[in-house]
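Chemist: Whatever this is, show me its structure:
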Amino acid sequence: MRKCLPILLLSMLIMGLTASPGASQFGGTEERVRHTNLRKFFIPFTADPKRPISELRLFVQRNGGEWEYLTTAQPTQKGFNFFTNQDGSYGMTVQTVYQDGSTEPTRDQLKAELKVVIDTIPPKITLRPFSTADGSAGVEWEATDEYVDPSSIKLEYRWPGMVDWAPIDKGVQFRSKDQRTWVLKPDQRIEIRVKASDFAKNETTSLGVTTSSTIGDNRQFGNVTNGGNNTNTGGTDTTNPNRISGTQHYVNSTTVKLNYNVTVGPSGVRKVTLWRLDDKQVWSKVLEKEANELKPDKEIPAFVPGDKPRSEPLTLTHDVVKDGTYGFIIIVESRAGASGKEPKLGDAPHTTVVVDTTPPVVKLGDPKVRPNGTAAQGALVDIVWQATDKNLAPAPITLEYAEKLTGPWRIIADKIDNTGKYTWAVPPTEPYSFFVRIKTIDRAGNVTTDECKQNVIVDLTVPQVEIRDVAPGK
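Modeler: Numbers count the residues shown, from 1 in each chain. Model prediction:
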């Protein structure tokens with residue numbers, strides 16, 4: 001039995017290969033897993049010149065299958081040329097053939113020395129704008145790829161008139177599936193895009209979407225799924241405006257108020273029609289307003305020929321019967337008879353509204369108290385809960401505490417993920433007895449609270465007795 005292998009695969013020298021975090025199943029070390037977007041590369045090795053080596057054989061294990069003989073190299077060649085026409089995970093090892101015909105290791109002893117993940121497909125990014133019940137504007141995204149690099153997720157923005165993109169929250173670690181919201185003025189719009197790459201350095205830049213803090217923004221961008229190295233910054237579809245798929249909004253009322261802007265020519269507005277798309281994907285005309293009904297106090301101004309067209313803010317209010325997801329298209333007809341086309345089957349809405357009047361369901365479990373080292377370090381409180389809702393907001397949980405059930409309540413943790421458990425390291429400066437409350441919010445702004453009816457006691461100190469002296473009672 002030889003004490004050491006006569007050959008070493010130099011994985012760090014393979015051009016185009018990068019390491020991924022996490023332990024490898026091959027040898028139990030991180031540095032033996034490599035990712036590349038190349039299907040052809042050179043694998044260098046070093047062979048012991050003191051050994052009577054006849055040839056070296058490269059074996060590969062494709063996606064965990066059987067070992068396959070791939071190619072042979074002489075010790076003086078210093079490496080193997082590797083080529084494949086398929087992406088996948090390749091375990092690699094080398095068999096040494098000696099001049100006496102023996103092999104090391106034998107075929108049944110083959111074990112991967114190196115794992116190379118060949119990946120030529122960039123991540124896919126889905127990006128969509130939305131607004132919250134409190135008027136904040138935001139975007140939510142998901143970067144999907146089996147080997148997506150979480151550290152690569154970047155957000156960029158640009159205001160109207162900006163040519164170049166600028167980073168958002170530079171240095172912040174975003175998640176592959178996440179969201180961000182901003183408080184904007186009603187007339188403000190900001191364009192956002194997302195970048196992501198995988199461990200093989202395949203990169204995707206999404207198309208841009210424009211946020212809006214109001215429903216019915218007249219600069220809608222579609223839901224964007226971009227699966228390539230596309231740096232197009234996006235835009236509106238002017239050829240068929242009824243095909244624009246707009247932002248999605250959440251409201252906690254069956255009365256939906258759609259704020260929108262309209263720009264018309266010299267003749268002004270004659271009427272506005274609201275079309276609604278139901279859950280069966282059927283369009284219905286649900287509201288029609290004449291110009292004098294839109295703004296009874298004054299006529300909607302047109303513009304004098306030669307002037308620049310101006311945008312006029314208007315509002316339509318519509319009642320739906322029940323909770324659900326509704327698409328809307330607003331069609332404006334001018335006094336000259338010009339108007340948009342009525343929607344037909346398959347047309348996408350200008351905006352989508354999720355009506356959700358049902359608050360989340362949340363149940364707070366009994367907190368468990370345990371020591372946190374010494375008494376001077378306080379105690380640990382494990383807080384557990386169950387929270388469910390079909391439209392639960394990202395990071396929907398807020399934990400609070402108070403000395404009395406009537407309050408005042410103070411924050412333990414604000415806007416955390418719905419993991420079902422949170423451990424609070426209670427400082428020794430906090431009260432030794434308190435109550436715990438949980439608040440859960442969904443995307444529409446519905447809030448549910450639950451509190452423990454039994455107070456939590458974090459004083460775990462066992463009283464100690466020391467007799468100082470003994471004296472007669474009389």
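Chemist: going forward, measure contacts between C-alpha atoms and count neighbours the same way
Modeler: Noted.
Chemist: pLDDT weak spots in the stretch 201-350 of the chain?
Modeler: 212-247, 295-311 (pLDDT under 70).
Chemist: try 80
Modeler: Within the stretch 201-350 of the chain, the stretches with pLDDT under 80 are 212-248, 261-268, 279-280, 291-292, 294-313, 346.
Chemist: Break down the stretch 1-150 of the chain into its strands, ranges please.
Modeler: 7-9, 18-19, 33-36, 40-47, 53-62, 67-73, 79-83, 88-98, 103-104, 114-118, 124-131, 137-144 (DSSP state E, counting those that start in this stretch).
Chemist: Next, format the ones you listed as TSV and append mean pLDDT and distance to D278.
Modeler: Output for the strands of the stretch 1-150 of the chain, formatted as TSV (pLDDT from 0 to 100; distance: least, Cα to Cα, whole Å):
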stretch	mean pLDDT	distance to D278
strand 7-9	55	61
strand 18-19	58	49
strand 33-36	88	46
strand 40-47	84	52
strand 53-62	89	49
strand 67-73	89	55
strand 79-83	86	53
strand 88-98	89	43
strand 103-104	88	69
strand 114-118	89	45
strand 124-131	87	19
strand 137-144	87	24
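Chemist: Go through stretch 342-362 and flag the buried ones.
Modeler: For stretch 342-362, burial by neighbour count (16 or more other Cα atoms under 10 Å) applies to 342-343, 347-362.
Chemist: Enumerate every residue touching D442.
Modeler: By Cα atoms under 8 Å, 6 or more residues apart in numbering, D442 lies in contact with 359-360, 389, 391-393, 396.
Chemist: what bridges to it?
Modeler: Following DSSP bridges, D442 is listed with bridge partners L392.
Chemist: Would you mind stating the distance between G407 and R437?
Modeler: 10 Å (Cα to Cα, to the nearest Å).
Chemist: An error on my part: the question was meant for G65.
Modeler: 52 Å.
Chemist: ok, the two, which is more surrounded?
Modeler: R437 (21 against 11; other Cα atoms under 10 Å).
Chemist: Tell me who's in contact with L58.
Modeler: Counting by Cα under 8 Å, 6+ apart, L58 has contacts 69-72, 80, 92-95.
Chemist: I should have written T72 there, sorry.
Modeler: 55-58, 80.
Chemist: how long is stretch 391-411 from one end to the other?
Modeler: 24 Å.
Chemist: check contacts around the residue nearest the centre of the chain.
Modeler: With distances taken as Cα atoms, centre = their mean, K177 lies nearest the centre of the chain, 1.5 Å away. Contact partners of K177, counting by Cα under 8 Å, 6+ apart, are 140-143.
Chemist: Out of those residues, who's the most crowded?
Modeler: A143 (28 neighbours).
Chemist: could you measure the residue nearest to that residue when sequence neighbours are not counted against E146, distance?
Modeler: The shortest distance from A143 to any non-neighbouring residue, by Cα to Cα, 6 or more residues apart in numbering, is to I125 (4.4 Å). I125 sits 13 Å away from E146, going by Cα to Cα.
Chemist: higher neighbour count, these two?
Modeler: I125 (26 against 11).
Chemist: Kindly provide the distance from that one to D119.
Modeler: In terms of Cα to Cα, I125 sits 17 Å off from D119.
Chemist: Over to T440?
Modeler: Separation of T440 from D119 (Cα to Cα): 40 Å.
Chemist: These two - which one has more neighbours?
Modeler: More crowded of T440 and D119, by other Cα under 10 Å: T440, with 28 against 22.
Chemist: Can you give me every residue that contacts the more buried one?
Modeler: 360, 362, 387, 396-398, 447-449.
Chemist: any idea how this protein splits into domains?
Modeler: Annotated domains of the chain cover 7-118, 124-236, 249-355, 361-457 [automatic domain parsing].
Chemist: who touches the nearest residue to V148 once chain neighbours are set aside in this structure?
Modeler: Closest residue to V148 apart from its sequence neighbours, by Cα to Cα, 6+ apart: D198 at 4.1 Å. Listed by Cα under 8 Å, 6+ apart, the contact set of D198 reads 122-123, 145, 147-149, 152.
Chemist: is it true that L405 touches D450?
Modeler: No: using Cα atoms under 8 Å, L405 is not in contact with D450, being 11.0 Å away.
Chemist: ok, Y326 to G340 distance?
Modeler: From Y326 to G340 the distance is 20 Å (Cα to Cα).
Chemist: who's more crowded, these two?
Modeler: Per other Cα under 10 Å, whichever of Y326 and G340 has more neighbours is Y326, with 19 against 14.
Chemist: For R158, see how far away the more buried one is.
Modeler: To R158, Y326 is 30 Å away according to Cα to Cα.
Chemist: ditto for V320
Modeler: Distance from V320 to R158, by Cα to Cα: 36 Å.
Chemist: ok, the two, which is more surrounded?
Modeler: For V320 versus R158, neighbours defined as other Cα under 10 Å are more numerous around R158 (19 against 14).
Chemist: Quickly name whichever of the contacts of D442 is closest to N202.
Modeler: Nearest to N202 among those is A393, at 30.8 Å by Cα to Cα.
Chemist: and P396, what element?
Modeler: strand 392-402 (DSSP states H and E).
Chemist: so that strand versus strand 137-144, what angle?
Modeler: 110 degrees (axes from the mean of the first three to the mean of the last three Cα atoms, to 10 degrees).
Chemist: Can you list the residue ranges for helices in this structure?
Modeler: 291-294 (DSSP state H).
Chemist: what's the most buried one of the domains of the chain?
Modeler: Sort those by mean neighbour count, taking mean count of other Cα atoms under 10 Å, and domain 124-236 sits at the top with a mean of 19.
Chemist: Any idea how far that one is from the middle of the chain?
Modeler: Centroid displacement of domain 124-236 relative to its chain, using Cα atoms, centre = their mean, to the nearest Å, is 10 Å.
Chemist: go on, stretch 313-326?
Modeler: Relative to its parent chain, stretch 313-326 has a centroid offset of 28 Å by Cα atoms, centre = their mean.
Chemist: From one end of it to the other, what's the distance?
Modeler: 22 Å.
Chemist: which residues sit against that stretch?
Modeler: Contact with stretch 313-326 is made by 254-262, 276-279, 287, 294-295, 352-357, as judged by Cα under 8 Å, 6+ apart.
Chemist: What mean pLDDT does stretch 366-375 get?
Modeler: The pLDDT scores in stretch 366-375 average 83.
Chemist: quick one: that stretch to chain centroid distance?
Modeler: On Cα atoms, centre = their mean, the centre of stretch 366-375 falls 34 Å from the chain's centre.
Chemist: Next: stretch 434-452.
Modeler: Here stretch 434-452 is found 23 Å from its chain centre; the criterion is Cα atoms, centre = their mean.
Chemist: just stretch 79-99 next, same as before
Modeler: Centroid separation between stretch 79-99 and its chain, computed with Cα atoms, centre = their mean, is 37 Å.
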